[in-house]
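Student: Sequence first, then the predicted structure, then my questions.
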Amino acid sequence: MVETDQNHRSKARFILVVVLGFMVISPIMFLVLFGLGQVRGIEFSPDDFSRRSFSYNQLPLVDWVIFKKSYDDITPDLEESLVTNKLINTVVNNTKTWHLVSESSMSVISHECDARFLIGFLDKTDSDLANYWDTWNTEHPECAIVFWPHVAELARDKMYLNIRKPMKVAINQKDDDPVEFDLRLRKTLGEVYLELGSLDLELGRMERARHRLNRAIEFAPTRESFLCRSKCLQELGLHAESKRDAQSAAALIKSSQGTSKDTK
């Protein structure tokens, strides 16, 4: 009888310890999973200029995802108007492309978040706190038709780091002269593609270098762009094409020298 009472008391103490332990651990686990372990972020799709926020929970340190990501559409009015007014063409892929803008789990912002540079410009406001580009599109309707397709192309080519230059060209545009604007924009785009194409060439990314140097020459053919593409084509074993580009570069040099003499 005494042993039975002792067994009951032992079981009762065990149950009490378990309950108390659960009551202590539960808030801690809740804090870890839903406080310290909660990750939030934003993504941008260059396919149709939409944005979405996401959140999920993970175990800190080991980075195990506990619950599936949840998403919410947060596309601003500007981006929706660009699609509605056909200032950019949407791209339909089997899997929609998303580029990271921000993520709370990152202690240091990485290159994976380069889309933030474009988002920073798209969210620009004027002195009245209205979206700057909504006003710009209204005041420069012809220039807007020229401008936004190029912005979309840069985003789809992940050229976010250099997107500042063409955006500045638009910001500095005073009137709605699409011809003059297109000339300035194409010159800037040629410089942007040449800069990144040259970098790709140095890093041995030949096909991407070729693509970007092709675009550089399409926008603004220069001696530098022809020489750079000539070197790229040489590395790819396309010797005849490489020679033609070298000849084009030489012709531009002669042309500029002739122009210089005429000026004198």
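Tutor: Done, it's in.

Student: wait, L233 sits on A246?
Tutor: No - with contact defined as C-beta atoms under 8 Å, L233 does not reach A246; the gap is 9.4 Å. C-betas here are computed from N, CA, C, even on glycine.

Student: more crowded one of those two?
Tutor: Remark: of L233 and A246, L233 carries more neighbours, 22 against 17, as counted by other C-beta atoms under 10 Å.

Student: average pLDDT for the helix or strand that contains that one?
Tutor: Remark: L233 resides in helix 223-235, with elements defined by DSSP states H and E. Mean pLDDT, helix 223-235: 96.

Student: who does E103 bridge with?
Tutor: Beta-bridge partners for E103, by DSSP bridges, are G41.

Student: ok, it - contacts?
Tutor: 39-41, 113 (C-beta atoms under 8 Å, 6 or more residues apart in numbering).

Student: 10 Å instead?
Tutor: 39-43, 54, 109-110, 112-113 (C-beta atoms under 10 Å, 6 or more residues apart in numbering).

Student: From S55, how far out is it?
Tutor: Separation of E103 from S55 (C-beta to C-beta, to the nearest Å): 10 Å.

Student: just L227 next, same as before
Tutor: Where S55 is concerned, L227 sits at a distance of 50 Å (C-beta to C-beta).

Student: Of those two, give the one with the bigger neighbour count.
Tutor: Shown here are L227 and S55; by other C-beta under 10 Å, L227 has more neighbours (18 against 14).

Student: Of the contacts of E103, which qualify as buried by neighbour count?
Tutor: Listed as buried from these are 39, 41-43, 54, 113; burial here means 16 or more other C-beta atoms under 10 Å.

Student: So which of these is the closest to N94?
Tutor: E43 (17.8 Å; C-beta to C-beta).

Student: For the closest one, which three-state class applies?
Tutor: Secondary structure, DSSP: H, G, I helix; E, B strand; the rest coil: E43 is strand.

Student: what ranges do the strands span in the stretch 51-200 of the chain?
Tutor: 64-65, 70-73, 99-103 (DSSP state E, counting those that start in this stretch).

Student: Save those strands as JSON lines, and put in distance to P166 too.
Tutor: Formatted as JSON lines, these follow (distance: least, C-beta to C-beta, whole Å):
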{"stretch": "strand 64-65", "distance to P166": "38"}
{"stretch": "strand 70-73", "distance to P166": "27"}
{"stretch": "strand 99-103", "distance to P166": "18"}
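
Student: okay if I get those as a markdown table plus mean pLDDT and distance to R215?
Tutor: Below are the strands of the stretch 51-200 of the chain laid out as a markdown table (pLDDT from 0 to 100; distance: least, C-beta to C-beta, whole Å):
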| stretch | mean pLDDT | distance to R215 |
| --- | --- | --- |
| strand 64-65 | 60 | 39 |
| strand 70-73 | 94 | 32 |
| strand 99-103 | 93 | 20 |
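
Student: Need the winner for burial among the ones you listed.
Tutor: strand 99-103 (a mean of 18; mean count of other C-beta atoms under 10 Å).

Student: nearest to H140, of the buried ones among the contacts of E103?
Tutor: The closest of the buried ones among the contacts of E103, once distances to H140 are taken by C-beta to C-beta, is I42, at 28.1 Å.

Student: Excluding sequence neighbours, find me the nearest residue to that closest one.
Tutor: Using C-beta to C-beta, 6 or more residues apart in numbering and skipping the chain neighbours, the partner closest in space to I42 is V101 (4.2 Å).
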